[in-house]
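Participant: How does the following fold in three dimensions:
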Amino acid sequence: QVQLVESGGGLVQAGGSLRLSCAASGRTFSSNVMGWFRQAPGKEREFVATVSWNGGSTGYADSVKGRFTISRDHPKNTVYLQMNSLKPEDTAVYYCATALRYYSDTYYHAHEYDYWGQGTQVTVSS
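Facilitator: Numbers count the residues shown, from 1 in each chain. Below is the predicted model:
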């Protein structure tokens, strides 16, 4: 069993920054791919970013590339999402997830992830 707890969401003005954290506990964290997804009201959950088990490989949605950075800290069992130059369209509930499969070093689809956090709200005002 894996438990994921997100934090760091909030209200920020357009152009501002936030850093989301996802603390993991339970099964081995260090060997799992981690990802961030988001879901805006009335929309489907969408991929945001992914990071390999050792942090050496990352992937981003085109909409956030160059503005968001995913990273992980193994001693702290935590994955981060640094969000800069935020836009109103970034407003959503952000979820972290972990994948318990090992055929790739990054995953881009929600169905490839096995455990999810409860989400943290990010609201960007114009």
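Participant: Which helix or strand contains the spatially most central residue of the chain?
Facilitator: By Cα atoms, centre = their mean, the chain has its centre lying nearest to W36, at 2.1 Å. Assigned by DSSP states H and E, W36 falls within strand 33-39.
Participant: Parallel or antiparallel, list what pairs with that strand.
Facilitator: As defined by DSSP bridges, the strand partners of strand 33-39 come to strand 46-51 (antiparallel), strand 92-99 (antiparallel).
Participant: May I see the ones you listed organised as TSV, with mean pLDDT and mean neighbour count added?
Facilitator: (Each C-beta comes from the backbone N, C-alpha and C, glycine too.) Output for the strands paired with strand 33-39, formatted as TSV (pLDDT from 0 to 100; neighbours: other Cβ atoms under 10 Å):
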stretch	mean pLDDT	mean neighbour count
strand 46-51	98	23
strand 92-99	97	23
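Participant: among these, which is nearest A23?
Facilitator: Closest to A23 of these, according to Cβ to Cβ: strand 92-99, at 9.1 Å.
Participant: who's in contact with the helix or strand that the closest one is followed by?
Facilitator: Moving toward the C-terminus from strand 92-99, the next helix or strand (DSSP H and E) is strand 115-116. The contact list for strand 115-116 (Cβ atoms under 8 Å, 6 or more residues apart in numbering) reads Q1, V2, Q3, L4, Y95, C96, A97, T98, L100.
Participant: shouldn't the second one be in contact with S31?
Facilitator: No. Contact between V2 and S31 fails when scored by Cβ atoms under 8 Å: they sit 11.7 Å apart.
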